[in-house]
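Enquirer: Based on what follows, work out the 3D shape:
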Amino acid sequence: MDYPLLNAFWTMCLIFLWVMWLFLLVRIIGDIFRSQDINNWAKTGWLVLVIVLPFVGVFIYVLARGRGLSEREVALAQRQQRQLREYIRETVKAQGETIRPEDSLAKLVELKDRGDITEEEFQKAKAKVLA
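Expert: Below you'll find the predicted structure:
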């Protein structure tokens, strides 16, 4: 046990910085692939730079395109949110069109016959469906 506490602290700091750098590297590679404003040759150049000279490539990328990195992330999040809302609207609309009162009443009768709902609950639900 000849490993002083200060050395353990520095080792933990280095591991933390290495993991942080890996996250940054993955985010930058993802941004390179998602970027619509650069052509494929430029993407290839950035990837080669980031893979061959990782530390220098990451720093150059952050200096050159760092400001747009956050803007592209926000745009992506907004686009995903918009697509989710459209999907939910379409799904709700499609389900609303396929559910007919006759189907709902048949399901209620089935639930009552099985004993899952009482006569009083059946009458309340029937009144809602017919309203």
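
Enquirer: So, low pLDDT: which residues of this structure?
Expert: Where the chain drops to pLDDT under 70, the residues are 1, 95-99.

Enquirer: Would you map out the domains in it?
Expert: 5-98, 100-131 (automatic domain parsing).

Enquirer: residues of the shortest one that come out buried?
Expert: By neighbour count on 16 or more other C-beta atoms under 10 Å, the buried set for domain 100-131 is L108, K112, I117, F122, A125, K126, V129. (Each C-beta comes from the backbone N, C-alpha and C, glycine too.)

Enquirer: who's in contact with the third one?
Expert: By that I understand I117. Counting by C-beta atoms under 8 Å, 6 or more residues apart in numbering, I117 touches L108, L111, A125.

Enquirer: so how far is E120 from the first one?
Expert: The reference is to L108. Remark: distance between L108 and E120 (C-beta to C-beta, to the nearest Å) = 12 Å.

Enquirer: Could you name the specific helix or strand carrying D2?
Expert: Assigned by DSSP states H and E, D2 belongs to neither a helix nor a strand.

Enquirer: Outside of stretch 75-92 itself, list whatever touches it.
Expert: Stretch 75-92 has contacts (C-beta under 8 Å, 6+ apart) with R34.
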